[in-house]
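Undergrad: Show me how the following folds:
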Amino acid sequence: MSNDDQTIAAIGEFGLIDRVTRSIGSSEYVLLGPGDDAAHVATADGTFVVSTDILIEGRHFRRDWSSALDIGHKAAAANLSDINAMGGVATALTLAFAAPADLPAQWADDMVVGFETECATVGAHLVGGDVSAADQVVISVTAFGDAERPVTRGGARAGDVVAYAGTLGLSAAGYAALSRGFRSPKVAVDGHRRPSPPYAAGPAAAAAGATSMIDVSDGLLADLEHISRSSGVAIDIQAERLDVPEAVATLASALGGLDPLGFVLGGGEDFALVATFPGDAEVPAGWTVIGAAFAGEGVTVDGEPYTGSTGHRHFA
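TA: Modelled structure (predicted):
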């Protein structure tokens, strides 16, 4: 099959990104381009980091599962988290909103209230955007922020320790519960509807000398694979060091005795952070060491390849 005949499903999300970025130019102002949680751009009097995320009804949220307030919070959190993952703090966001013509205007009002409320937790605000008609609700957000020392995915080195901050597995457990018509455990369902990223952890990690960092949007193992590939190191996680939230264990048991660790290792959209630190460094408060980086490639759990789902795969 020629390159012209390949489908997006065949090449996958990152194959698509690699392909389209071949046509993208650069300049002295582009300090870090596509391929990380955010780009790093220079201006005449400083620098900033910028990232864009999109949420599509039926894929990233359902209006029968989540309120407009919830969806606004989640849309903001997903984008604030990308700036957090660079070790930065978001300062301003723009929002492009598309929706069916028969959507109640109050829904849009409530969504923006939720969005602004989440942004205000880091001192950021919505500063502009665009609106359009569409067959379903689409929310596209661009976040801008400041990062004194942007932390990329590509700086991990053999001998580093791996640590995470935030909560893992709640959103995936909440999704599993809602998918089966449950409304409990409430903590898990609420975690899916309205995640709580550890916004203070990103800047703290950067200040403590983190060598690489990423937010857990697709799944802990899937996102660690990005660090592994970008940094050229192997990563091993020790399962016993991971915290399994009680609500995740409860839900796993209710679903027929599933392994709750699967939600923690492969669940995304909690927007926790995972980072690497020099082996002799003291990780900041709120961070838990769960493994190490060493020479090689790939991500393992307790020294073995993980056979379960490592996280969400777009276009799969």
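
Undergrad: Can you name the next helix or strand after the helix or strand bottoming out on mean pLDDT in the chain?
TA: Each helix and strand of the chain was given a mean pLDDT (mean pLDDT, DSSP states H and E); the minimum falls on helix 8-20 at a mean of 73. Using DSSP states H and E, the helix or strand that follows helix 8-20 in sequence is strand 30-32.

Undergrad: strands paired with that following strand, and their directions?
TA: If you go by DSSP bridges, strand 30-32 pairs up with strand 39-43 (antiparallel).

Undergrad: Name the residues that touch the strand it pairs with?
TA: Contact partners of strand 39-43, identified using CB atoms under 8 Å, 6 or more residues apart in numbering, comprise 28-33, 47-51, 86, 147, 150. C-beta coordinates here come from the backbone N, C-alpha and C atoms, glycine included.

Undergrad: Quick check: what element follows it along the chain?
TA: Following strand 39-43 in sequence, per DSSP H and E, is strand 46-56.

Undergrad: quick one: average pLDDT of the following helix or strand past that next one?
TA: Using DSSP H and E, the helix or strand that follows strand 46-56 towards the C-terminus is helix 68-84. Averaged over helix 68-84, pLDDT sits at 98.

Undergrad: quick one: helix 68-84 to strand 46-56, angle?
TA: Put simply, helix 68-84 runs at 140 degrees to strand 46-56, going by axes from the mean of the first three to the mean of the last three CA atoms, to 10 degrees.

Undergrad: Alpha carbons only: can I get helix 68-84 in CSV?
TA: What follows is helix 68-84, C-alpha atoms only, in CSV (Å, rounded to 0.1, in the frame of the first residue of the first chain):
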residue,chain,number,x,y,z
ALA,A,68,-22.9,21.2,31.3
LEU,A,69,-21.0,22.4,34.4
ASP,A,70,-19.1,19.1,34.6
ILE,A,71,-18.2,19.2,30.9
GLY,A,72,-16.9,22.8,31.2
HIS,A,73,-14.8,21.8,34.2
LYS,A,74,-13.4,18.8,32.3
ALA,A,75,-12.7,20.8,29.1
ALA,A,76,-10.7,23.3,31.1
ALA,A,77,-8.9,20.7,33.2
ALA,A,78,-7.7,18.8,30.1
ASN,A,79,-6.0,21.9,28.8
LEU,A,80,-4.7,23.3,32.1
SER,A,81,-3.1,19.9,32.7
ASP,A,82,-1.0,20.2,29.5
ILE,A,83,0.5,23.4,30.8
ASN,A,84,1.0,21.8,34.2
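
Undergrad: Report the buried residues of it.
TA: 68-84 (16 or more other CB atoms under 10 Å).

Undergrad: just stretch 134-154 next, same as before
TA: Applying 16+ other CB under 10 Å to stretch 134-154 flags 137-147, 150-154 as buried.

Undergrad: which one of these sits closest to A165?
TA: Using CB to CB, V151 is the member of the buried residues of stretch 134-154 that sits closest to A165, with 12.8 Å.

Undergrad: Check the gap between the closest one and T91 for me.
TA: Separation of V151 from T91 (CB to CB, to the nearest Å): 18 Å.

Undergrad: from the buried residues of stretch 134-154, which two are the most distant?
TA: The span of the buried residues of stretch 134-154, defined through CB to CB, is set by V137 and G154 at 35.0 Å.

Undergrad: For the stretch 51-200 of the chain, which segments count as helices?
TA: 68-84, 105-120, 170-179, 186-193 (DSSP state H, counting those that start in this stretch).

Undergrad: Can you lay out those as TSV showing distance to T288?
TA: Listed next are the helices of the stretch 51-200 of the chain as TSV, based on distance: least, CB to CB, whole Å:
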stretch	distance to T288
helix 68-84	17
helix 105-120	24
helix 170-179	16
helix 186-193	18
